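# Next comes the sequence, and after it the predicted model I'd like to discuss.
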Amino acid sequence: MSATLPRGRGQRSTGASLALHATLIAASAVAVFPVLWIVFISLGPDSAWQQPGQVIHHLDLSNYRFVLLHSGFPHWMLNSVIVAGATMVLGVFIAASAGYAISRMKFPGHRQLMWVFLVTQMFPVAVLIVPLYNLMARLDLLDSYLGLVLVYCTIAVPFCAWMLKGYFDTIPREIDEAGRMDGLSPFGTFWRLILPLARPGLAVTAFYSFLTAWGEVAYSSQFMKTHYTLAAGLPTYASNIRANWGAMTAGSVLIAIPAAVVFLLVQRHLVTGLTAGGTKG
């Protein structure tokens, strides 16, 4: 008679392991199904959203040809790349500078500044559209890349500054002191020593800033009248009479590709960047 060995610490029973894997598979299916469904519908005719069975018999790339060759999608894509890229670079630089200053320098009002960053995140978009529109009109920034980039920075910078401040807190202050002893200015220390060590945190904030500008609809549709971005241009495939669902699904798939590429570029830093700031307040 063989004795049953006791389970070691951290080991699961067979039933618990099966239940865990079943739950993970179900959660993955729920997360992936909408994406796969959009891709499936985009490969069929315009009426495939009503009769999905048509896709199997009419499988082609006509929707993608229409979007890329017979609509303003390429121009919208270029506008979105310019705006999202500029927002990512400018937003991360401002947030990193602010986060480093608050982490290292004790100036009057530095705690209040962090609370201001937090409070600005509480205002809904609908409340801010009118004052931002009036401000941009006075500065002659409506329907311009610069104006939209600055608006998106007002969304991205407060959150990114909070995150990077926590990440900079985990970097030993002795590195700053060593930089000063070597004759570096405060900005030189920040640029040459601290930023290279903060790459995981910068990757997270860059990804957040890029997505903020890439998928935002309300500001871009109100502030841009000729230079549509993707999020504002895609609704033009729908009118009051009918919607071109084939073009909308194909456009949705194409919109997701750059975001996925950016995620793949920074994903190895994401976990480190998201967790490091929580180890020290």
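Good, I have the coordinates.

# isn't residue 171 right next to residue 200, touching?
No. The pair residue 171 / residue 200 is not scored as a contact, 11.2 Å apart, by C-beta atoms under 8 Å. Bear in mind the C-beta positions are built from the backbone N, C-alpha and C, glycine included.

# Overlap of the contact sets of those two?
The contact sets of residue 171 and residue 200 do not overlap (C-beta atoms under 8 Å, 6 or more residues apart in numbering).

# Over to residue 238: give its phi and psi.
Backbone geometry at residue 238, expressed as degrees, to the nearest 10, gives phi -120, psi 140.

# which residues sit in contact with it?
244, 248.

# same deal with the one 10 residues further on?
Contacts for residue 248 (C-beta under 8 Å, 6+ apart) come out as 234, 237, 238.

# Count the residues that sit near the first one.
If you count neighbours by other C-beta atoms under 10 Å, residue 234 ends up with 21.

# now it: how far from residue 247?
As judged by C-beta to C-beta, to the nearest Å, residue 234 and residue 247 stand 9 Å apart.

# Now do the shared contacts for those two.
Here residue 234 and residue 247 have no joint contacts, going by C-beta under 8 Å, 6+ apart.

# List of residues touching the lowest-mean-pLDDT helix or strand in the chain?
Across the helices and strands of the chain, mean confidence by mean pLDDT, DSSP states H and E is lowest for helix 54-57: a mean of 76. For helix 54-57, contacts defined as C-beta under 8 Å, 6+ apart pick out 40, 41, 43, 44, 45, 47, 48.

# Give me the contact list for the helix or strand following that helix.
Next helix or strand after helix 54-57 toward the C-terminus (DSSP states H and E): helix 62-69. By C-beta under 8 Å, 6+ apart, the residues outside helix 62-69 that reach it are 42-46, 73-74, 246-247, 249-251, 254.

# could you redo the residues you listed as TSV and give each row distance to residue 267?
Formatted as TSV, those follow (distance: C-beta to C-beta, whole Å):
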residue	distance to residue 267
42	25
43	27
44	31
45	36
46	35
73	27
74	27
246	31
247	30
249	26
250	26
251	25
254	21
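
# Among those, name the least confidently predicted one.
Lowest in pLDDT among the contacts of helix 62-69 is residue 46, which has 74.

# Residue 143 reaches residue 222, doesn't it?
No. At 10.4 Å, residue 143 and residue 222 do not qualify as touching, with contact defined as C-beta under 8 Å.

# More neighbours: those two, which one.
More crowded of residue 143 and residue 222, by other C-beta under 10 Å: residue 222, with 17 against 14.

# With that, I have no additional questions.
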